[in-house]
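Asker: Got a predicted model here, sequence first, then my questions.
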Amino acid sequence: EHVSRLCMQFITHLFACSEYPPSSSNSQAKLPHFIAYALHCTKLHTLVTFAALVLLQRLKVCFPTAQGSLDHCLFILAFMLMSKAICDDTYSNKSWSIIAQGMFQW
């Protein structure tokens with residue numbers, strides 16, 4: 001849970017967004033719970049999580065005006081990309097949909 005809170009603080013500071021999901025999202029989980037669930041389900045190395053944060057920081061450098069309420073989407077997409085780049089685990093689209101708590105339809 002410590003890592004998920006750290007991630008939440010980093011993302012909300014970087015993108016000036018709320019820890020609550022956007023109203024258009026199927027997920028009702030606050031960002032730290034959303035992240036904790038993703039970390040628990042995947043059991044990926046912490047390196048993947050911090051690499052995802054680096055990826056988000058680089059996104060902000062390239063697009064400094066980026067902000068908004070897509071923090072849940074940003075985290076899970078960066079986490080998915082870093083999972084593939086670092087571990088090359090074979091999570092299916094359906095598995096990622098479950099990890100993302102229905103945010104994406106399969």
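Answerer: Okay, I see it.
Asker: Ranking helices and strands of the chain by mean pLDDT, which lands last?
Answerer: helix 93-99 (a mean of 89; mean pLDDT, DSSP states H and E).
Asker: Can you name the residues in contact with that helix?
Answerer: Where contact means Cβ atoms under 8 Å, 6 or more residues apart in numbering, the residues beyond helix 93-99 that reach it are 37-38, 41-42, 76, 80, 91, 103-106. Bear in mind the C-beta positions are built from the backbone N, C-alpha and C, glycine included.
Asker: hmm, try it at 6 Å
Answerer: 38, 41, 80, 104, 106 (Cβ atoms under 6 Å, 6 or more residues apart in numbering).
Asker: From those residues, keep the buried residues only.
Answerer: By the neighbour-count criterion of 16 or more other Cβ atoms under 10 Å, the contacts of helix 93-99 include these buried positions: 38, 80, 104.
Asker: list the contacts for the first one?
Answerer: The one in question is Ala38. Listed by Cβ under 6 Å, 6+ apart, the contact partners of Ala38 are Ile99.
Asker: That one sits in which helix or strand?
Answerer: Assigned by DSSP states H and E, Ala38 belongs to helix 31-42.
Asker: Likewise for the last one?
Answerer: Assessed by DSSP H and E, Phe104 sits outside every helix and strand.
Asker: Look up how far His72 lies from Ser18.
Answerer: Distance check for Ser18 against His72: by Cβ to Cβ, to the nearest Å, it reads 10 Å.
Asker: Now do the strands in this protein.
Answerer: Across the chain, reading from the start of the chain, there are no strands by DSSP state E.
Asker: Tell me which residue is most central in it.
Answerer: Residue closest to the average C-alpha location in the chain (Cα atoms, centre = their mean): Phe75, at 1.9 Å.
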